[in-house]
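Novice: Curious how this folds, go ahead:
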Amino acid sequence: ASSTAAQQLAPRPSPFQRASPPLSSIPQASTMARILRIAALLVIAGACVALPSKSVECPHAAQEPPPTCTSKRMWTLPEKAVREPGLLTPCPTWGNSPSGFPTKWSDYPITDFPAASVDVTDELIRPLTDSSTPRRAVISTDLSMTTDDAFALAWALLDTEFRFNIEALYSSPSSFRPFFLEVQEAAEIAKIHPADRTEAQQACLDKYQYVLDKLTAMGTHPAELAELEAPVTWCADKTEQEAYARINDFLAKFAAAGTNIYDRVSEIPVFHGSASFITASNPNIDRTESAADTDLIARAHAFYEEEEQPLYVIVMGPLTNVANSLLIDPTIQDKIVIVWLGSYGLTTYNQALTGHAITADPVAAHVVFKSNAPLIYVPELSTAQSIRLSAPAADAWFNGLGDLSSALHRAFVNNIFDVTSSRHNNGMSQPLAAMATVTPFVVGQDYKYHLLQSPRIVQVQANCAGKFDPFCNGTIPMGASGANANAEPTPPETVDCVKVSEDGCYCDDAYFVFDPYGRQVGEIFSIETPVLKSLTQALQKNGL
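Specialist: Okay, the predicted model is just below:
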C-alpha cells in the first residue's frame, strides 16, 4: 500500500478514548524475513533456561548453578549490527531485581473477583447465521511475532455479512527472549570441551542441538541474532510497539479492496496495549492503565448499557491486556466474553500447559481463570491444530494473487515451521491456530463445542537447585475440594519440570485442576468447516 493510504489509516479517535499515538516506523522487510524464521522453533524446543549473569542463591538449593561460560563472538557484521557483541540478559523486570517479589507466579496477589452473574450459554457460543444478532468484538494480538495472527486478522476484517463488527484492535506484549536465552546458553555450552561439561550443561545442549543445527543451516547463529536485535530477542515493550506499528501497516493493505471493505476497516481504531507482562511485575504498585485498557473498560460498560449485550474480547497471544483491564476494573467481568487460544483442553489435567500464549505471562492466565468473566476457550494443541497450510498450498492460494494475499504468503514462507517442515519435508503443513478464535464470528462456519465447569490453573510445587537442574520435578496441587478425583486421567504423583523460573529456584509449569466450584465456560473442540477456503474466497472476492 502507498504511504498515502497508510496515512489515511492513522487511528481515528475512539468515542471512549483520545486518538492513538502516530505510527512508529516499520522494520525493513528484507531483514525481518530472515531473522523472524526462528521464533516459532524456539517456542517448541524444550525447557532449559539461560544462566543468570550472577548466581542466585535459592533458599532450598543444595548448591549454586554451574558458572556461565565466557562469551566469544562467532563473527562480526558491522554493517548490520545494532548493539555491541555479548550475551543478552533477561528483560528488566521487578522479579529479577535484588528485592524482587514474587518469584513464584502463583504467589502474585490477586484480589477476589465478584461472584459470577453470567455464564457462557449456547446463545453466546453457537455458530452465527444470517439472522443472528451481530456480535461486536475487540481483538488483542501480538502481530509482530506470529504468522497465524495475520491470517486470523485478515479473515476477521474481511467479513462481509455484517454479523461481526470489530470495534477496536489492541497491540499485545509478547517476548521470545526467555527461549532465545536458552538457545544462546546452549551455544555457549557447545564451546566447552565435552569432558568439561557438567551433566546439566550436557542435557541443555542435547535439548537445543537441533535448534543450533537449524540456525547454522540458515546461515545464522544466536550471536548474530543478538547483534541484529532480531525480533526473537525483543522484550515485551519493544514487541508491543512493533505489534502496534504492524497492525496499522496491515490495515493499510486493505486500501486495494475499494470502499466496500476499506471504509469499514479505516474506521477501526488501534490502541497500544500493556508494555509489560503482569508476571514478575511489582504487585505493590498499581498496574499502568494502557490506552487499550481505557478503551476496553469504557467500551464494555457503554456497549452493555446501550444494548445489554457483552463485548467479545478475542485474544490471540498472551492474556496480558484483558487481564490488566480486569485488575483495574473487575466489574467488566460481567460485560465481556473472552475468546482465547490457549494450550491443552480444559479437562487435560495431567499435561503441562505449554504454548507461548500461557507461558509468556502465566499470571495473566491466572487472573482470567480466577475471575468470573465468561470464557470461550479454544485449545491450541488439539482443536486449532486442524487448521493447517503447506508451502505448496500457500504458493497456489496466496502468492501473487493480491496485495494482502502476497503479504500473507511472505509471512508464511518466512516462518521457521515452513522452513523445517513445509518447504523441506515433502510439503508437511503448519498450523494457523489463531484462525480458530475467529471461527465463532464468521457466518456459515460450523464447529462443535461443549459447556463445562472452568478448571483452576495452578503452579507445580517444586524446588530447583538452579536453572540447569535436570532433576527438578514436583507435584501438581490438588483441586479446590482437596482432591482431584474428578480428573480424567488422574495426574501423576510427580512431574518433570518443563520450565524453570527465571531465578532458578522454582518450576514455572502451569496445570489445569478440576474445580467443583468453577463457573460454566465454553470450549470449542472441533472445527468442522474449511477455514482457509473461506479466507481465500473472501480475499479473491475483494481483490486482495
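Novice: which residues sit in contact with Ile338?
Specialist: 313, 315, 319, 322, 368, 373-376 (CB atoms under 8 Å, 6 or more residues apart in numbering). Bear in mind the C-beta positions are built from the backbone N, C-alpha and C, glycine included.
Novice: mind listing which of the residues you listed are in strands?
Specialist: 313, 315, 375-376 (DSSP state E).
Novice: want to throw those into CSV with neighbour count and pLDDT?
Specialist: As requested, these are exported to CSV (neighbours: other CB atoms under 10 Å; pLDDT from 0 to 100):
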residue, neighbour count, pLDDT
Val313, 26, 97
Val315, 28, 96
Leu375, 24, 95
Ile376, 20, 95
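Novice: Nearest to Gln459 among the residues you listed?
Specialist: Nearest to Gln459 among the ones in strands among the contacts of Ile338, counting by CB to CB, is Leu375 at 19.7 Å.
Novice: I figured that closest one hits Leu452, correct?
Specialist: No: Leu375 sits out of contact with Leu452 when judged by CB atoms under 8 Å, with a separation of 10.8 Å.
Novice: which phi and psi does the closest residue to Ser371 other than its chain neighbours have?
Specialist: Here the nearest residue to Ser371 in space, its sequence neighbours aside, is Phe113; by CB to CB, 6 or more residues apart in numbering that works out to 4.6 Å. Main-chain torsions, Phe113, degrees, to the nearest 10: phi -90, psi 160.
Novice: Spit out the contact partners of Phe113.
Specialist: Phe113 sits in contact with 326, 330, 333, 370-372, where contact means CB under 8 Å, 6+ apart.
Novice: Same check on Ala187?
Specialist: By CB under 8 Å, 6+ apart, the contact set of Ala187 is 212, 221-223.
Novice: Just to be sure, it is in a helix?
Specialist: Yes: counting by DSSP: H, G, I helix; E, B strand; the rest coil, Ala187 falls inside a helix.
Novice: Can you show me the strands along the stretch 101-250 of the chain?
Specialist: Ranges of strands in the stretch 101-250 of the chain, per DSSP state E, counting those that start in this stretch, are 135-141, 164-171.
Novice: The stretch 401-544 of the chain: strands as residue ranges?
Specialist: Using DSSP E, counting those that start in this stretch, the strands of the stretch 401-544 of the chain run over 430-431, 447-453, 456-459, 473-474, 495-496, 510-513, 520-527.
Novice: Go through these and name the closest to Ser386.
Specialist: strand 520-527 (5.3 Å).
Novice: Backbone torsions only: list them for Thr354.
Specialist: phi -80, psi 170.
Novice: tally of neighbours for it?
Specialist: 20 (other CB atoms under 10 Å).
Novice: Low-confidence regions, the stretch 151-300 of the chain specifically.
Specialist: The stretch 151-300 of the chain contains residues with pLDDT under 70 at 160-162, 256-259.
Novice: Ser172 and Gly273 touch, don't they?
Specialist: Yes: counting by CB under 8 Å, Gly273 is a contact partner of Ser172 at 5.0 Å.
Novice: Just among the contacts of Phe113, which is most surrounded?
Specialist: Among those, the one with the most neighbours (other CB under 10 Å) is Leu326, at 27 neighbours.
Novice: hang on, that residue is in a helix, isn't it?
Specialist: Yes: according to three-state DSSP, Leu326 belongs to a helix.
Novice: pretty sure it is touching Asn372, no?
Specialist: No: at 9.8 Å, Leu326 does not count as touching Asn372 under the criterion of CB under 8 Å.
Novice: which residues do those two both contact?
Specialist: In contact with both Leu326 and Asn372: 113, 333, using CB under 8 Å, 6+ apart.
Novice: Format the contacts of Ala187 as TSV; extra columns: distance to Val138 and neighbour count.
Specialist: Below are these laid out as TSV (distance: CB to CB, whole Å; neighbours: other CB atoms under 10 Å):
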residue	distance to Val138	neighbour count
Leu212	40	17
His221	40	18
Pro222	37	28
Ala223	40	22
